[in-house]
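Engineer: This is the structure alone, sequence omitted:
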Ligand SMILES: Cc1cc2nc3c(=O)[nH]c(=O)nc-3n(C[C@H](O)[C@H](O)[C@H](O)COP(=O)(O)O)c2cc1C
C-alpha cells in the first residue's frame, strides 16, 4: 500500500489557507491548529477561529493539548459540537516549558499512566478514532521507555501513533532517531507515522525505508513549498523528482495563498499584514535580492501594495 503523506499539525501555521494550498498540491490529510483543552471548554473565541473550515478542507483532524482526562473529554465534545472531524489527536509532543509545567504536551511522555487514562476516556466516550502524537523521549533517548509509552497508547485504544523522532530536549534541531521510530513501528499493530526532517522527497523516502512506518507527517518542509506533497508522491512512485516550480508558478500559488488569508483569517488588519509578509518571504526566500525584498514587504501597508511588490519581483 502507498504510504500516506499528511500535513503535520503546526500551531500558528496550518490555518485554513495553509491547509487549502497544501491539499491543492497533494496533502491527503490535515489537522486544525492545536487547541488547548481548557480554553476549548470555555469556547474561547480564539478556538472558534482556529476551527474555521471549508468544504474542500477534508479529511481533517483536531489536536488537543491537556492533562486531565475529564477536561479533555469535555473539550473534545465541544469541538464535535462545533465542527466535524475524522479523528482526534492527543498532543504528547509539545516541548514548550509553560505546557510542560501544566503536565501536558511532552510531559505526558514521562507520565504514561496519565496518557493512558486520557486515551481510554476519549476512546470509550467518543465515536471517532483517537490518535496520539509522541516524541521519542523527554530529555534522554530511552528506547525501552519510548516503546512502552507507544504500547500504552495502543493498549488504551489509540488508532494511530504519530512520532516525532526527536526528544523534547532536542526541540526541532538535531538528528532524527529513525531507530526509535522503527522500534515503535515493530512493536505496534496500529499504524505508525514518522515525523522529523522531511524537507524533500529523498528525506521522505529515507524516513520510510529506515523505519518501515506507514506514513509521514510533513512539517517545516511545507513552509513556502507546498509542492513538496506532489514531489514526494511522484518520487515514491517513479524515483524522479518533478522540476521545481518556476518563479512565475511560485508567485501564482503565493497570491492564491494570500487571497485565502485575506478572505478567511480573522485577525486585526495589522496582524494580517505581518502574517502575509511572513508567508510571502517563505515562498520567495533564496532570490538574489531577498534581503531588500524582505524590507519592502515589511513596509507594505496594504494587501494591494503587497501584491504589487510580488508582481514586480523577478
Ligand atoms: C511552527 C511549528 C509549530 C508546531 N506546532 C505543533 C503542534 O501544534 N502540534 C504538534 O503535534 N506538533 C507541532 N509541531 C511539530 C511538527 O508537527 C513536526 O513534528 C516537527 O516540526 C518535526 O518535523 P520537521 O523536522 O519535518 O519540521 C510544530 C512544528 C513547528 C515548526
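Structural biologist: Sure, I can see it. Being a predicted model, the structure only gives us computed values, none of them experimental. Numbering: from 1, shown residues only.
Engineer: residues in the stretch 151-300 of the chain within reach of the ligand, list them.
Structural biologist: By the rule C-beta under 6 Å from any ligand atom, the part of the stretch 151-300 of the chain lying against the ligand is 164, 172, 195-198, 217, 219-221. C-beta coordinates here come from the backbone N, C-alpha and C atoms, glycine included.
Engineer: ChimeraX command for the buried members of those residues?
Structural biologist: Selection command for ChimeraX covering only the buried members of those, criterion 16 or more other C-beta atoms under 10 Å:
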select :164,195,196,197,198,217,219,220,221
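Engineer: Among the residues of the stretch 151-300 of the chain next to the ligand, name the ones in helices.
Structural biologist: If you go by DSSP state H, those have nothing in helices.
Engineer: Export the residues of the stretch 151-300 of the chain next to the ligand to a markdown table and append columns for pLDDT and distance to residue 153.
Structural biologist: Shown next, in a markdown table, are these (pLDDT from 0 to 100; distance: C-beta to C-beta, whole Å):
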| residue | pLDDT | distance to residue 153 |
| --- | --- | --- |
| 164 | 98 | 14 |
| 172 | 95 | 23 |
| 195 | 98 | 15 |
| 196 | 98 | 18 |
| 197 | 97 | 23 |
| 198 | 98 | 22 |
| 217 | 98 | 16 |
| 219 | 98 | 20 |
| 220 | 98 | 25 |
| 221 | 98 | 25 |
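Engineer: pLDDT of stretch 84-96, averaged?
Structural biologist: Regarding stretch 84-96, the rounded mean pLDDT is 97.
Engineer: One more: stretch 223-234?
Structural biologist: Mean predicted lDDT for stretch 223-234 stands at 97.
Engineer: still on that earlier bit, nearest to residue 270 among the residues of the stretch 151-300 of the chain next to the ligand?
Structural biologist: Ranked by distance to residue 270 (C-beta to C-beta), those are led by residue 220 at 26.0 Å.
Engineer: What's the separation between the closest one and residue 76?
Structural biologist: Distance, residue 220 to residue 76, using C-beta to C-beta, to the nearest Å: 28 Å.
Engineer: At which residues are the helices of the chain located?
Structural biologist: Listed in chain order, the helices of the chain (DSSP H) span 16-24, 37-41, 45-50, 69-82, 97-101, 112-125, 143-155, 178-187, 201-211, 228-238, 247-264, 269-284, 290-299, 303-312.
Engineer: Tell me which other helices or strands the last one touches.
Structural biologist: On a contact count with 3 or more C-beta pairs under 8 Å, 6 or more residues apart in numbering; DSSP states H and E, helix 303-312 meets helix 247-264, helix 269-284, helix 290-299.
Engineer: mind checking how far stretch 208-226 is from the chain centre?
Structural biologist: Per C-alpha atoms, centre = their mean, to the nearest Å, the displacement of stretch 208-226 from the mean C-alpha position of its chain is 10 Å.
Engineer: if we can go back for a sec, let me have the helices and strands packed on helix 303-312 in JSON lines, adding mean pLDDT as columns.
Structural biologist: Shown next, in JSON lines, are these (pLDDT from 0 to 100):
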{"stretch": "helix 247-264", "mean pLDDT": "96"}
{"stretch": "helix 269-284", "mean pLDDT": "94"}
{"stretch": "helix 290-299", "mean pLDDT": "83"}
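Engineer: Identify the structural domains in this protein and state their residue ranges.
Structural biologist: With domains defined by automatic domain parsing, the chain comprises 4-238, 247-312.
Engineer: least reliable of those domains going by mean pLDDT?
Structural biologist: domain 247-312 (a mean of 91).
Engineer: Quick one: end-to-end length of that one, please.
Structural biologist: Criterion C-alpha to C-alpha, to the nearest Å; first-to-last residue distance in domain 247-312 is 12 Å.
Engineer: Put together a markdown table for the helices and strands packed on helix 303-312, with mean neighbour count on each row.
Structural biologist: Output for the helices and strands packed on helix 303-312, formatted as a markdown table (neighbours: other C-beta atoms under 10 Å):
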| stretch | mean neighbour count |
| --- | --- |
| helix 247-264 | 16 |
| helix 269-284 | 17 |
| helix 290-299 | 14 |
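Engineer: can I get the ones you listed in JSON lines with distance to residue 106?
Structural biologist: Shown next, in JSON lines, are the helices and strands packed on helix 303-312 (distance: least, C-beta to C-beta, whole Å):
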{"stretch": "helix 247-264", "distance to residue 106": "30"}
{"stretch": "helix 269-284", "distance to residue 106": "26"}
{"stretch": "helix 290-299", "distance to residue 106": "33"}
